[in-house]
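> Give me a model of this one.
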Amino acid sequence: MSYTLVTGGSRGLGFECAKALRALGRTVVLVAKDESRLKGAAAELDCEYRSVDLEDLGAARETFTEILERLGPPETLILAHGVMSEKFAKTLRTTNEEWRRVMAINLDSVFCAVNILGKPMADARSGRVIIFSACLGRMSGPGTAGGLAPYRVSKAGVNALVRNLAHETSHGARGFLIDAVCPNHSRTDMGGPDAPLSAAEGASTAIWLATRAFDASSSDDQERLTGLLWEERQVVPW
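The predicted structure is shown next:
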């Protein structure tokens, strides 16, 4: 079965990705925590869904394993779930509980999904993994230091995971692509109502990555590069 799995699919960026891909005729499976909201999103898009709290890694592993066993590996895996850390969560003030909450959701569950679902995709030399990261997880550039420590470090971890797995899978030469996306400041539950971009605009680069032509021998960077952080279809320095 050819399908796309989208985490965080009940709302925001994940829902916009799923909505766009359904409009293209893709089969979609949604994963999210809020079952009531998830059920409504799945009904609107006419697709399957699984409700799971991804902070619980045991439950996450069980859910991803069940999906793999029943449906096989996805053609495309979009990991759009995530949480923001508390506003004043600086490194020397963050509690163990807050650190673990953010890391579990933003990084550990991402590893879990890629470890379980990405492995057969890579083994088959086919498939695309797109992970929503953040420019706050960069190690260079403006606005990359100070405050929101758990969130920033978790997203830096996502960027490192993407880069490392791309190296391990020959940067797309074997047919397996993995990329990170910075959606910029978008109007989602996390971004707030005053953000400059709509959720659809924030999701647009992920949708492009899920559908773009790829040729590792192309001279066009947009067609030959993977294992990077993208924003507005352009590579963002780590």
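> And the closest residue to Thr27 other than its chain neighbours, how far from Arg101?
Once flanking residues are discounted, Thr27 sits nearest to Tyr3: 4.2 Å by CB to CB, 6 or more residues apart in numbering. C-beta: built from backbone N, CA, C; applies to glycine. Applying CB to CB, to the nearest Å, the value for Tyr3 to Arg101 is 30 Å.
> out of the two, which sits in the busier spot?
Shown here are Tyr3 and Arg101; by other CB atoms under 10 Å, Tyr3 has more neighbours (20 against 16).
> Mind listing residues that contact the biggest helix by length in the chain?
Counting by DSSP state H, the longest helix found in the chain is helix 149-168. Residues outside helix 149-168 that contact it (CB atoms under 8 Å, 6 or more residues apart in numbering) are 83-85, 89-91, 94, 98-99, 101-103, 106-107, 110-111, 114, 118, 129, 131, 133-134, 136-139, 144, 172, 178-180, 226-229, 238.
> let's see 7 Å
Helix 149-168 has contacts (CB atoms under 7 Å, 6 or more residues apart in numbering) with 84-85, 89-91, 94, 98-99, 102-103, 106-107, 110-111, 114, 131, 133-134, 136-137, 139, 178-180, 226-227, 229, 238.
> Using CSV, write out every CA atom in that helix.
Extracted C-alpha coordinates of helix 149-168, given in CSV (Å, rounded to 0.1, in the frame of the first residue of the first chain):
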residue,chain,number,x,y,z
ALA,A,149,16.9,26.0,25.8
PRO,A,150,15.0,22.7,25.6
TYR,A,151,13.2,23.7,22.4
ARG,A,152,16.4,25.0,20.7
VAL,A,153,18.5,22.0,21.7
SER,A,154,15.8,19.5,20.6
LYS,A,155,15.6,21.1,17.2
ALA,A,156,19.4,21.2,16.9
GLY,A,157,19.1,17.4,17.6
VAL,A,158,16.6,17.0,14.8
ASN,A,159,18.9,18.8,12.4
ALA,A,160,21.8,16.6,13.5
LEU,A,161,19.7,13.4,13.1
VAL,A,162,18.7,14.5,9.5
ARG,A,163,22.3,15.2,8.5
ASN,A,164,23.7,12.0,10.0
LEU,A,165,21.0,9.8,8.4
ALA,A,166,21.6,11.4,5.1
HIS,A,167,25.3,10.5,5.3
GLU,A,168,24.3,7.0,6.3
